[in-house]
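1. would you be able to build a 3D model of this:
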Amino acid sequence: MKVLKTLRNMALAAMLLSAGAANAALYQFQITGDYTANWTLDSEREPDDAANGEALAFIDVEGSFPGSLLDLADIYFFNEGIGGGLQIEDFFGGSFLLTTDGPQLYTGLETGHDFRLGTFALTEYEGTGNYELTISALPSDVPEPATAAMLLGGLGMLYAVRRRCSVG
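-> Residues are numbered from 1 along each chain as shown. This next block holds a predicted model:
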């Protein structure tokens, strides 16, 4: 009987220890200079389009994009082999808001990338504009619903075991 209680308590402790917060993060992008814009992308979001050696694209990104019709933009990040930098397009308004040259803003392949963190100097493609892009990571400590349910279930089981042991 004592072995059974010990095993049950160990199982409950293992459940509680495995319940943790989700580790997803948000990338925060902020452009300053001759054009300003800002937006966030979830670190788990896959590109809507990617061409290895060329670019990756995120479609209908919400943010603050002056000159856009709906504050939605399609954002393209270019490989250093074709000039690096990025492009912000207002698909619904039918215009390019910003096209830049600069460093490649991500590491890895376009189909499996991570954004580089820091501040990067960008120049307007075939123009005279100068910009700074800052990319930072914002952690998200919001627990997933399954994690919260597992934690509550584990606490309930601990309460039931404790109550049963104190009665008998």
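2. just to check, Ala55 is in contact with Glu80?
-> No: with contacts counted by Cβ atoms under 8 Å, Ala55 stays clear of Glu80, the gap being 11.0 Å. Backbone N, C-alpha and C define where each C-beta goes, glycine included.
3. higher neighbour count, those two?
-> Ala55 (17 against 13; other Cβ atoms under 10 Å).
4. what is the rounded mean pLDDT of the helix or strand hosting Asp114?
-> Assignment of secondary structure by DSSP states H and E places Asp114 within strand 112-115. This predicted structure assigns strand 112-115 an average pLDDT of 90.
5. following element in sequence after that strand, please.
-> On the C-terminal side of strand 112-115, the closest following helix or strand by DSSP H and E is strand 118-124.
6. torsion angles phi and psi at Gly81?
-> Comment: the main-chain dihedrals of Gly81 come out as phi -60, psi -20, following degrees, to the nearest 10.
7. same question for Glu126.
-> On the backbone of Glu126 - angles per degrees, to the nearest 10 - the values are phi 50, psi 40.
8. ok, now Tyr27?
-> Torsion angles at Tyr27 (phi, psi; degrees, to the nearest 10) stand at phi -90, psi 130.
9. so who does it touch?
-> Residues in contact with Tyr27 (Cβ atoms under 8 Å, 6 or more residues apart in numbering) are Thr40, Leu41, Asp42, Ser43, Phe115, Ile135, Ser136, Ala137, Leu138.
10. the same query, at a cut-off of 10 Å, please.
-> 39-43, 45, 106, 114-115, 117, 135-138 (Cβ atoms under 10 Å, 6 or more residues apart in numbering).
11. one step back: residues of the strand holding Asp114 that come out buried?
-> Residues of strand 112-115 classed as buried under the neighbour-count rule (16 or more other Cβ atoms under 10 Å) are His113, Phe115.
12. can you name the residues in contact with it?
-> Contacting residues not belonging to strand 112-115 are listed as 27, 29, 41, 43, 46-47, 50, 52, 56, 77, 104-108, 135-137 [Cβ under 10 Å, 6+ apart].
13. among the residues you listed, which lie within strands?
-> Counting by DSSP state E, the members of the contacts of strand 112-115 that fall within strands are Tyr27, Phe29, Leu41, Ala50, Leu56, Phe77, Tyr106, Thr107, Gly108, Ile135, Ser136, Ala137.
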